[in-house]
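Trainee: the sequence and its predicted three-dimensional model are supplied below.
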Amino acid sequence: MILVNDETAQVSAELILLFGGIIVIALVALISYQNYLKGLGNEINGSQLNNTTNNILNLKDKFS
């Protein structure tokens, strides 16, 4: 009986593991980036936004 040295299944399994690892790393990066962006929205409160809006609206009085 002659055994054939066939490694195609091993290469396929390694590629699946490699792509799976890349996908996991990408998901972790996306989730952490999403949490970072959510944190930025909390830094501006309503009074600061209203203050800025009023200042912008008051600029038109200075130019007219």
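Mentor: Now that the structure is in, tell me what you want to look at. Numbers count the residues shown, from 1 in each chain.

Trainee: check which element follows the helix or strand hosting S32 along the chain.
Mentor: Element membership of S32, judged by DSSP states H and E, is helix 8-41. Next helix or strand after helix 8-41 toward the C-terminus (DSSP H and E): helix 46-63.

Trainee: convert the C-alpha atoms of that following helix to PDB, please.
Mentor: Output of helix 46-63 as PDB, limited to C-alpha atoms (Å, rounded to 0.1, in the frame of the first residue of the first chain):
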ATOM      1  CA  GLY A  46     -26.900  70.400  26.500                       C
ATOM      2  CA  SER A  47     -25.900  73.700  28.100                       C
ATOM      3  CA  GLN A  48     -22.700  73.900  26.100                       C
ATOM      4  CA  LEU A  49     -24.600  73.100  22.900                       C
ATOM      5  CA  ASN A  50     -27.200  75.800  23.600                       C
ATOM      6  CA  ASN A  51     -24.500  78.300  24.500                       C
ATOM      7  CA  THR A  52     -22.700  77.700  21.200                       C
ATOM      8  CA  THR A  53     -25.900  77.900  19.200                       C
ATOM      9  CA  ASN A  54     -26.800  81.200  20.800                       C
ATOM     10  CA  ASN A  55     -23.300  82.600  20.200                       C
ATOM     11  CA  ILE A  56     -23.600  81.600  16.500                       C
ATOM     12  CA  LEU A  57     -27.100  83.200  16.200                       C
ATOM     13  CA  ASN A  58     -25.800  86.400  17.900                       C
ATOM     14  CA  LEU A  59     -23.100  86.700  15.300                       C
ATOM     15  CA  LYS A  60     -25.700  87.700  12.700                       C
ATOM     16  CA  ASP A  61     -26.700  90.800  14.800                       C
ATOM     17  CA  LYS A  62     -23.100  91.900  14.700                       C
ATOM     18  CA  PHE A  63     -22.800  91.800  10.900                       C
END
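
Trainee: by contact count, what packs against that helix?
Mentor: If contacts are counted by 3 or more C-beta pairs under 8 Å, 6 or more residues apart in numbering; DSSP states H and E, helix 46-63 sits against no helix or strand. Using the backbone N, CA and C atoms, a C-beta is placed for each residue, glycine as well.
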